[in-house]
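**Q** all I have is the shape, not the residue letters:
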């Protein structure tokens, strides 16, 4: 990453030198264009699920096998998580749950059920606060490691998969995340945007067109945290998506089952 910044720093210096020699009108336009390009570049590196600029990520499974990975964020929720687990069980599907440490501590029985039924449990920070994206490396590290400790106290082994809130990888996050060592950062290839107010039909429409071998799908079983309080649309959409996967010959696996395809 330092090498990339050095190269871009040299390029910026060269651009500034060129601007200095331009007529006033052209210089203003050039500065504006550079500003827009810079904002666009950093937006991409922080937000885009495939960007590896600040941290290496897994945004889809490295396989051509007919498998997809359904993932759920922000839980466990005492109302909706059990119902989502019921739907998955009815379709003999496995998934991955990126849980919050403080919610896992409140509902350890749901974490145990996920593990017992063959799902993978990952972490999604301890509290899912906005400060996570801008906190010091020490704060970021503590948020991640506190969540790991909660899960490690419930399950036989600590989690090895992590998803940053909203999938954002800021420089602050990257510095703290590297200190945790050994965690795989997972984003997605498609998301249902079901944390927002939406309908089951809209979720299905967003996800189904991207259901293909290797897809990592992001949905939510937890409520609140800046999103909606109702996961009924997610539940309804999940049943439809699982049926669609079966029709297309796709098997829903947990990221733990996917193994090397996640590395």
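**A** Cool, got the structure. Just so it is clear, the model here is predicted, and its values are computed rather than measured. Residues are numbered from 1 along each chain as shown.

**Q** pLDDT averaged over stretch 60-70, what's the number?
**A** Stretch 60-70 shows a mean pLDDT of 94.

**Q** give me the contacts around it.
**A** 88, 93, 95-96, 188-189, 211-217, 219, 238, 241, 245, 248-255, 258, 260-263 (C-beta atoms under 8 Å, 6 or more residues apart in numbering). Every residue, glycine included, has its C-beta placed from N, CA and C.

**Q** just stretch 133-148 next, same as before
**A** 99-101, 104, 123-127, 129, 131-132, 158-159, 162, 165-166, 168, 170, 172-173, 175-177, 179-180, 183.

**Q** where in this protein is pLDDT low?
**A** Within the chain, the segments meeting pLDDT under 70 span 1-42, 260, 263.

**Q** looking at it, which strand is longest?
**A** strand 67-73 (DSSP state E).

**Q** check the offset of that strand from the chain's centre.
**A** 11 Å (C-alpha atoms, centre = their mean, to the nearest Å).

**Q** helices along the protein, start to end?
**A** For the chain, the helices defined by DSSP state H cover 2-20, 24-47, 80-90, 101-106, 108-116, 137-152, 171-180, 200-208, 232-247, 255-258.

**Q** measure residue 254 to residue 164 for me?
**A** 20 Å (C-beta to C-beta, to the nearest Å).

**Q** no wait, residue 208
**A** Per C-beta to C-beta, residue 208 is found 26 Å from residue 164.

**Q** between those two, which is the more surrounded one?
**A** Per other C-beta atoms under 10 Å, whichever of residue 208 and residue 164 has more neighbours is residue 164, with 25 against 17.

**Q** the more buried one against residue 174, yeah?
**A** No: in this structure, residue 164 is not within contact of residue 174 by C-beta atoms under 8 Å, at 9.7 Å.

**Q** which residues do the two both contact?
**A** Here residue 164 and residue 174 share no contacting residue, scored by C-beta under 8 Å, 6+ apart.

**Q** if we can go back for a sec, sheet-wise, list the partners of the longest strand of the chain with their directions.
**A** strand 95-99 (parallel), strand 216-220 (parallel), strand 251-252 (parallel) (DSSP bridges).

**Q** which of these sits most buried?
**A** Using mean count of other C-beta atoms under 10 Å, the stretch among the strands paired with strand 67-73 with the largest mean neighbour count is strand 95-99, at a mean of 30.

**Q** which other residues reach that strand?
**A** Outside strand 95-99, the residues that touch it by C-beta under 8 Å, 6+ apart are 69-76, 81, 88, 111, 114, 119-124, 147, 151, 161-163, 186, 221-222, 252, 254-256.

**Q** how is the protein partitioned into domains?
**A** Structural domains annotated on the chain: 2-47, 67-262, as defined by automatic domain parsing.

**Q** which among the ones you listed is found nearest to residue 57?
**A** Proximity to residue 57 (C-beta to C-beta) singles out domain 67-262 among these, at 4.9 Å.

**Q** okay, now the closest one: how far is its last residue from its first?
**A** 12 Å (C-alpha to C-alpha, to the nearest Å).

**Q** check stretch 148-165 too.
**A** First residue to last in stretch 148-165 (C-alpha to C-alpha) measures 15 Å.

**Q** now do that stretch: distance to the chain's middle.
**A** 15 Å.

**Q** return the set of buried residues in it.
**A** 148, 150, 151, 154, 155, 158, 159, 161, 162, 163, 164, 165 (16 or more other C-beta atoms under 10 Å).

**Q** repeat for stretch 124-142
**A** Buried residues in stretch 124-142 (16+ other C-beta under 10 Å): 124, 125, 126, 127, 128, 132, 133, 135, 137, 140, 141, 142.

**Q** quick one: the fourth one and residue 100 touch, right?
**A** By that I understand residue 127. Yes: using C-beta under 8 Å, residue 127 makes contact with residue 100 at a distance of 6.7 Å.
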